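1. Below are the sequence and a predicted model for it; my questions follow.
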Amino acid sequence: MAAAARIAAIGGPVSTLSRFRGALVGAVLGDCVGGEFEGAEDVPLDRVLQHLSGLEDDTRGDGILQYSDDTAMMRCVAHSLLTRTGFDEQDMARRFAKEYNLAPGRGYGSGVIQVLRKLASPQLSDVFQPARAQFGGRGSFGNGGAMRAAPFALAFRNAADVQQYSRLGAMLTHSCSLGYNGAVLQALAVHLSLQGALALPEEFINRLISEMEEVEREETAQHDAKALNLAEFPYCTRLHRVKELVERGSVSIEEVISELGNGIAALQSVPTAIFCVLHCLEPREGLPERYGGLERTIAYSLALGGDTDTIACMAGAIAGAHYGIEAIPQSWQKSCEGVEEADQLAERLYKLYCLTQLEEDGITMSDSNQPRSHSSNQHPTHTE
């Protein structure tokens, strides 16, 4: 489908503000509705559709689907980027630790809990050290950095900054390159979606492959891939599989799980979330005709089973950035905890994003209005 035709098919041009709101609300929505099936090996599609139709039931009462650690940590990322008008690892680490202490029952994994407890120490000077010490110094390759990566795409305008700060933000809890590169891929996918790149799906996936080829050439990434007996460029290999599956069109749930995965490792979930979005750009058999693209994406994500809340969270962010807030049913939004705050954070991030546009256009602004990095000298700093 041509770009113009695809835009028309989703109800006309989507404003950038609508895309921002869609990205964060879509992420929270995926997290909340995905919690119902987390860890399930077999999720029949009729059960998914029954679950989603329940969100539209006016008689369901005031029951609210609660968000997990995915949204809890994503909120911390957004608040830190807004408060510090850029990336500040000390501030973000403190927020992660405080959020966990306030609500430890959000479903945090045992590994990240150890890191968060250490981050709470006022004597800790290097906030990246607890993550580096995990698993005998190998670090975590889970999807915890990726699940909270969307705000980086909303705070920084260019791909280089999105990569740099999503990587550093993930390294606060995930020091293995398979973990933080998953966050980079997720942030890049949201970044491109915000720009309308999904109107041309093949170009979208090719751009991701191209960007990740550069990312995975880094020495540590090469070393980690070899140590884990993976392909030389693990994420690029998975993205090529995504492309092949999308081009086939007709593919079974079992094939998707076998080829891409549905687990808690970033490599087994971030490419899967991207596939869900691409696969559901068009109507799919078994999904209601009345469903729009975002609804199809969420439903399909849940039908994969496994780490459903995180895969749906990541897919929801990418799809929401493409379709915009108008594509998310009001009944779904009202059923999920944290949606109103996510919407407000998205609007604030949009204002920050616009300020950097003014700066790039040569309009003088005070330093306090410019996104920046507050990182220490041992880490890359944000330069405009």
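-> Great, that's in hand. Numbering: from 1, shown residues only.
2. Now do the contacts for the residue nearest to the spatial centre of the chain.
-> Centroid check for the chain by Cα atoms, centre = their mean gives Met314 as the closest residue, at 3.8 Å. Taking Cβ atoms under 8 Å, 6 or more residues apart in numbering as the criterion, Met314 is in contact with 27, 30, 143, 146-147, 149-150, 186, 269-270, 273. In this view, the C-beta of every residue, glycine as well, is placed from N, C-alpha and C.
3. rerun that using 7 Å as the cut-off
-> 146-147, 186, 270, 273 (Cβ atoms under 7 Å, 6 or more residues apart in numbering).
4. Closest one of these to Gln164?
-> Nearest to Gln164 among those is Gln186, at 14.5 Å by Cβ to Cβ.
5. how close does the residue nearest to the centre of the chain get to Thr297?
-> Distance from Met314 to Thr297, counting by Cβ to Cβ, to the nearest Å: 10 Å.
6. Kindly report the same for Leu198.
-> 11 Å.
7. Next one, pLDDT for Ser373 please.
-> Among the per-residue scores, Ser373 shows a pLDDT of 59.
8. With Gly249 instead?
-> At Gly249, the pLDDT value in this model is 79.
9. burial of Gly136, as a residue count?
-> 6 (other Cβ atoms under 10 Å).
10. just checking, next helix/strand downstream of the helix or strand it falls within?
-> For Gly136, the element it lies in under DSSP states H and E is helix 134-137. Sequence order places helix 144-147 as the next helix or strand after helix 134-137, per DSSP H and E.
11. elements contacting that following helix?
-> On a contact count with 3 or more Cβ pairs under 7 Å, 6 or more residues apart in numbering; DSSP states H and E, helix 144-147 meets helix 177-194, helix 308-323.
12. Next secondary structure after the shortest one?
-> Counting by DSSP H and E, the element after helix 308-323 in chain order, helix or strand, is helix 330-334.
13. buried ones in that following helix?
-> For helix 330-334, a neighbour-count test (16 or more other Cβ atoms under 10 Å) marks 332-333 as buried.
14. which helices and strands sit right next to it?
-> helix 16-34.
15. got the angle for the helix it packs on vs helix 308-323?
-> Angle, helix 16-34 to helix 308-323, by axes from the mean of the first three to the mean of the last three Cα atoms, to 10 degrees: 160 degrees.
16. What is helix 16-34 packed up against?
-> helix 69-83, helix 150-155, helix 177-194, helix 293-303, helix 308-323, helix 330-334, helix 339-360.
17. For Val251, find the nearest of these.
-> With Cβ to Cβ as the yardstick, what comes closest out of the helices and strands packed on helix 16-34 is helix 293-303 (11.0 Å).
18. what's the offset of that closest one from the middle of its chain?
-> Put simply, helix 293-303 sits 15 Å off its chain's centre (Cα atoms, centre = their mean, to the nearest Å).
19. between it and helix 308-323, how big is the angle?
-> Angle, helix 293-303 to helix 308-323, by the same axes, to 10 degrees: 160 degrees.
20. need the contact list for the closest residue in space to Ser301 that isn't next to it in sequence.
-> Leaving aside its sequence neighbours, Ser301 sits nearest to Ala312 (Cβ to Cβ, 6 or more residues apart in numbering; 4.0 Å). Neighbour list for Ala312: 30-31, 33-34, 298, 301-302 [criterion: Cβ under 7 Å, 6+ apart].
21. let's go with 8 Å and repeat that
-> Contacts of Ala312 by Cβ under 8 Å, 6+ apart are 29-31, 33-34, 273, 298, 301-302.
22. Equivalent analysis for Val190, please.
-> Contact analysis of Val190 by Cβ under 8 Å, 6+ apart lists 23, 149-150, 153-154, 317-318, 321.
23. now swap in Leu192 and tell me
-> Leu192 neighbours (Cβ under 8 Å, 6+ apart): 198, 204, 207-208.
24. One more: Asn262?
-> By Cβ under 8 Å, 6+ apart, the residues touching Asn262 are 256, 268-269, 272, 304-308, 311.
25. May I see those arranged in a markdown table, with pLDDT, neighbour count and distance to Leu281 as well?
-> A markdown table is the format used below for these (pLDDT from 0 to 100; neighbours: other Cβ atoms under 10 Å; distance: Cβ to Cβ, whole Å):
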| residue | pLDDT | neighbour count | distance to Leu281 |
| --- | --- | --- | --- |
| Val256 | 97 | 21 | 15 |
| Gln268 | 97 | 22 | 22 |
| Ser269 | 98 | 29 | 20 |
| Thr272 | 98 | 27 | 16 |
| Leu304 | 97 | 28 | 17 |
| Gly305 | 96 | 20 | 22 |
| Gly306 | 96 | 22 | 22 |
| Asp307 | 96 | 28 | 23 |
| Thr308 | 97 | 27 | 21 |
| Ile311 | 98 | 33 | 17 |
